[in-house]
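Q: mind looking at a prediction? Sequence and model below.
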Amino acid sequence: MMPNERPSTGWRHWAKANFLTGLVALAPVVITGYVLWYVFATVDAWLSAALVGIPWLTWRGKPLPGVGFVTVLLIILLTGVVARNVAGFQFLRFWDRQLNRIPMVRGIYRAVKQISQAFFGGTRGVFQAVVLVPFPMRGIYAVGFLTADAPREVCDKTGQDLVSVFLPTSPNPTSGYLIMVPRSEVTRTEMTVEEAMKLVISGGTVVPPGAESGVDRVTERARSNAG
């Protein structure tokens with residue numbers, strides 16, 4: 001042992017290494033559990049208050065735990081069964097047409113419908129491509145979803161050919177920013193919507209297949225240019 005070496009150095013290194021390993025292993029499980037618990041508790045509290053008047057759903061004057069959450073699942077399941085039925089499909093189409101006729105409501109309804117179809121229905125009609133755009137400044141790029149050409153008025157007022165891009169936030173991709181970017185500054189990628197979603201939700205730790213060597217390709221290209 002060297003004169004200045006402390007006996008506890010090895011123990012500290014062992015504890016630090018194992019603590020970090022344990023933290024990395026537990027973090028996804030704990031965060032996922034917390035999100036599920038939060039959703040469960042919130043939804044359950046909302047509907048339990050409405051179901052408190054039903055005697056067989058209460059215990060000593062309080063709603064049974066989980067009744068509200070189970071009710072939401074049953075409503076979603078029942079709606080899916082109805083929507084897959086011919087009569088139910090026509091009924092939902094009727095309400096869809098009615099909501100699209102209300103001036104104040106139809107804008108919100110259409111936007112929510114398109115977003116829900118993009119995230120849960122696997123549609124490609126809303127997100128045309130996964131792109132990279134300079135955000136929040138030049139030299140820094142953010143992953144976004146190309147949605148459509150920008151409104152004509154916006155292009156006319158700015159004098160530029162703009163496109164609309166939705167930038168999802170991490171780790172919650174259902175919220176984000178709508179930005180309008182010059183078409184020339186938008187870089188299309190080969191990533192699918194699912195791959196981009198995984199990239200955003202994981203904070204960049206889950207990369208699409210074949211993307212792991214991206215840094216190596218950039219390094220090799222720089223070396224070849226230098227040579």
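A: The structure has been received and is ready for your questions. Numbers count the residues shown, from 1 in each chain.

Q: what are the pairing partners of the longest strand along the chain, and which direction each?
A: Looking across the chain with DSSP state E, the single longest strand is strand 141-149. Take DSSP bridges as the rule and strand 141-149 pairs in its sheet with strand 129-134 (antiparallel), strand 162-168 (antiparallel).

Q: in CSV, list the ones you listed along with distance to F40.
A: Any C-beta I mention is one placed from the backbone N, CA and C, and that applies to glycine too. Compiled in CSV, those are given as follows (distance: least, CB to CB, whole Å):
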stretch, distance to F40
strand 129-134, 32
strand 162-168, 24
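
Q: in a markdown table: those strands, plus mean pLDDT, distance to L99 and mean neighbour count.
A: Formatted as a markdown table, those follow (pLDDT from 0 to 100; distance: least, CB to CB, whole Å; neighbours: other CB atoms under 10 Å):
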| stretch | mean pLDDT | distance to L99 | mean neighbour count |
| --- | --- | --- | --- |
| strand 129-134 | 93 | 29 | 19 |
| strand 162-168 | 93 | 23 | 21 |
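
Q: now for those strands, which one comes closest to L20?
A: Comparing the strands paired with strand 141-149 against L20 with CB to CB, the closest turns out to be strand 162-168 (28.6 Å).

Q: report the buried residues of the longest strand of the chain.
A: For strand 141-149, a neighbour-count test (16 or more other CB atoms under 10 Å) marks 142-147 as buried.

Q: that strand: what's the following helix or strand?
A: helix 152-158 (DSSP states H and E).

Q: what helices or strands is that following helix leaning on?
A: For helix 152-158, there is no helix or strand it packs on, judged by 3 or more CB pairs under 8 Å, 6 or more residues apart in numbering; DSSP states H and E.

Q: can I get the CA coordinates of that helix in CSV?
A: Output of helix 152-158 as CSV, limited to C-alpha atoms (Å, rounded to 0.1, in the frame of the first residue of the first chain):
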residue,chain,number,x,y,z
ARG,A,152,-50.7,30.8,-46.9
GLU,A,153,-51.2,33.9,-44.9
VAL,A,154,-48.2,33.2,-42.8
CYS,A,155,-46.0,32.5,-45.9
ASP,A,156,-47.3,35.7,-47.5
LYS,A,157,-46.7,37.9,-44.4
THR,A,158,-43.1,36.5,-43.9
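
Q: contact partners of it?
A: Contact with helix 152-158 is made by 149, 161-162, 180, as judged by CB atoms under 8 Å, 6 or more residues apart in numbering.

Q: in that helix, which residues are buried?
A: For helix 152-158, by 16+ other CB under 10 Å, it's C155.
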